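> quick one, structure for this:
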Amino acid sequence: MTINEGSFRDPSGQVFSKDGEIYRSIFAPGVNNFEAVRDAGVYAQLMDAGLLVTHEEVTWNDFAPQGTAYCLHHPRLPMISYPWEWTFSMLKDAALLQLEVMEQLLPKGFWLRDASAFNVQYDGQRLRLIDTLSIGQRIPNSPWVAYRQFCAHFLAPLAMAAYGDIRMLGLWRNYIDGYPLDLAVKMLPLVRRYKPGLLMHLTLHAQFQAAADRKEDIGKTKNVKNAKVSDLGLIGIIRSLRRTIEHITWKRSSKIWGEYANIRTYKANDVATKSTYVEQIVQKLNPNMVWDLGANTGEFSMIAASHGAFVVSIDSDPACSEHLYQYLPNANRKLRVLPLTIDLANPSPGLGWDSCERLGLIERGPADLLLALALIHHLVLSSCVPLLYVAKWFSTLAQYILVEFAPPTDPMVQKLLQNRGEEHLPYNIEVFQTSFGAYFEFEDHLPLQNGRTLYLCKRKHTM
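Predicted coordinates:
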């Protein structure tokens, strides 16, 4: 049995795994809420609607943690991802999902006790709420207990990204418990702070919170009169939040996603040859999990997904991953692709308590196949990572890699070298083959007419 490092904070229950299967223990503090939600048919309703990850009650005998009152079995998610890696629209859709769940819960006397962004994941079909125990009985006439958390996890970062800079989503690494509302307000243009919806749920909310914090007097107790909110009033707040979120949009400033076909340095016949070879490799290996690093707009990610693989499509440009996220539903709903925005020279580390609460990128692998197409020359010449380091890192991520080598004479390589002169890391075919040969066996290769070469490599058993 292995306890999930990200579930220790909830006294009501804990997620754990055994023999590759995912389970959730429900402890005594969570029993009343669980039984009430279950007996009211709420879990079944949300699962049938595709809003909540499925579960079934199982007999746990002696394999569950001590104190388990109920044990649930969940399907294993193909990949856990985090808000600092998500596209703008994925964070927005996660917010709207939680509000949709709230609208279904409130008429039945329940609500979300927890509105964390970490409670939403992509399961290969759609975004779903994964925290079964975040649903509980509503406290009569009480304001929504997770209102501040929802605004900090969703409204604040979405507004900052849309009206400030999309790169502000990266602040999630610093504020994994949610963005400070006062910081979000300060980072917004003045005119946006008073935009309907943002005025109420962000600007005034931040002011009220600051005032409440100033009134706290440690060592003294006061009788505080709690605000009362009716069922109708709470539904009104949820719908107001929905309208506010729906109206927040990000206008892409990057044109790379739309013009990539015109600026890349190889011709249509090379692209076709490359695509055919990628498809052949995927068919040959039949991988369940593919990571496409430096995926750009995801054309090779979709080739891999079209043959049944779950594909994590990673690019450092948020415009590219956003474009792919929006394109996928219109392309084919059966394609299982998760677009993420990650700087590969500074990939997601372990974060949270003991640096284990949220897993680093490497801990979420390995993949069966890694695509590294038109990537390694950027890592070496732009990010100053030696080829040997690149090869070593790749060997921790997947058993097979399909890597593209662009020679020093390549136009893109020449462009990267323009301002470096002779002062750059060693980069040539000999260094490439020696570096990757230290960790991989070269199984196949395909030269392209433009001078680049695709190499299929298999990780060595002993390193």
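
> run through who's touching stretch 446-463.
Stretch 446-463 has contacts (C-beta atoms under 8 Å, 6 or more residues apart in numbering) with 265-267, 269-270, 273-274, 277, 281, 373, 395, 398-407, 409-410, 436, 438-445. Every residue, glycine included, has its C-beta placed from N, CA and C.

> what are the buried residues along that stretch?
Neighbour counts over stretch 446-463 (16 or more other C-beta atoms under 10 Å) mark 446, 448, 450-457, 459 as buried.

> what would these look like in TSV with distance to Trp291?
Listed next are the buried residues of stretch 446-463 as TSV, based on distance: C-beta to C-beta, whole Å:
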residue	distance to Trp291
Leu446	20
Leu448	22
Asn450	25
Gly451	26
Arg452	21
Thr453	21
Leu454	17
Tyr455	17
Leu456	15
Cys457	14
Arg459	14
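
> so Val403 sits in a strand?
Yes: read with DSSP: H, G, I helix; E, B strand; the rest coil, Val403 is one of the residues of a strand.

> residues contacting it?
372-373, 375-376, 394, 436, 454-455, 457.

> next one: it from Leu51, what distance?
Computed as C-beta to C-beta, to the nearest Å, the Val403 to Leu51 distance reads 40 Å.

> hmm, back to that, in the buried residues of stretch 446-463, find the pair that's most separated.
Greatest spacing in the buried residues of stretch 446-463, by C-beta to C-beta: Asn450 and Arg459 (27.8 Å).

> what sits against Asp48?
Asp48 touches nothing, counting by C-beta under 8 Å, 6+ apart.

> phi first, then psi, for it.
phi -60, psi -30 (degrees, to the nearest 10).

> re the thing from before, and which of the contacts of Val403 is nearest to Leu335?
For those, with Leu335 as the reference and C-beta to C-beta as the criterion, the closest is Leu373, at 18.2 Å.

> wait, that closest one sits on Ser275?
No: with contact defined as C-beta atoms under 8 Å, Leu373 does not reach Ser275; the gap is 10.2 Å.

> in this structure Pro349 contacts Leu359, no?
No: using C-beta under 8 Å, Pro349 is not in contact with Leu359; the gap is 9.2 Å.

> of these two, give the one with the bigger neighbour count.
Leu359 (21 against 13; other C-beta atoms under 10 Å).

> re the thing from before, closest to Pro65 among the buried residues of stretch 446-463?
Nearest to Pro65 among these, with distances taken as C-beta to C-beta, is Arg459, at 35.3 Å.

> just how off-centre is stretch 159-167 within its chain?
Relative to its parent chain, stretch 159-167 has a centroid offset of 18 Å by C-alpha atoms, centre = their mean, to the nearest Å.

> quick one: mean pLDDT over it.
Across stretch 159-167, pLDDT averages out at 95.

> do me a favour and get the end-to-end distance for that stretch?
12 Å (C-alpha to C-alpha, to the nearest Å).

> now it: buried residues?
Applying 16+ other C-beta under 10 Å to stretch 159-167 flags 159-163, 166 as buried.

> looking at the residues you listed, which is nearest Val37?
Among the buried residues of stretch 159-167, Ala159 lies closest to Val37 (C-beta to C-beta), at 31.9 Å.

> still on that earlier bit, in helices, which of the buried residues of stretch 159-167 appear?
Counting by DSSP state H, the buried residues of stretch 159-167 place 159-163 in helices.

> quick check: domain ranges of the protein?
2-74, 83-215+226-246, 256-459 (automatic domain parsing).

> how close does Phe118 get to Gly164?
Counting by C-beta to C-beta, the gap from Phe118 to Gly164 is 23 Å.

> got it, and Pro318?
Taking C-beta to C-beta, one finds Pro318 at 13 Å from Gly164.

> what does Glu430 give?
46 Å.

> any idea which element the residue nearest to Phe154 when sequence neighbours are not counted lies in?
Excluding the flanking residues, the one nearest Phe154 by C-beta to C-beta, 6 or more residues apart in numbering is Ala95, at 3.8 Å. Taking DSSP states H and E as the criterion, Ala95 maps to helix 88-105.
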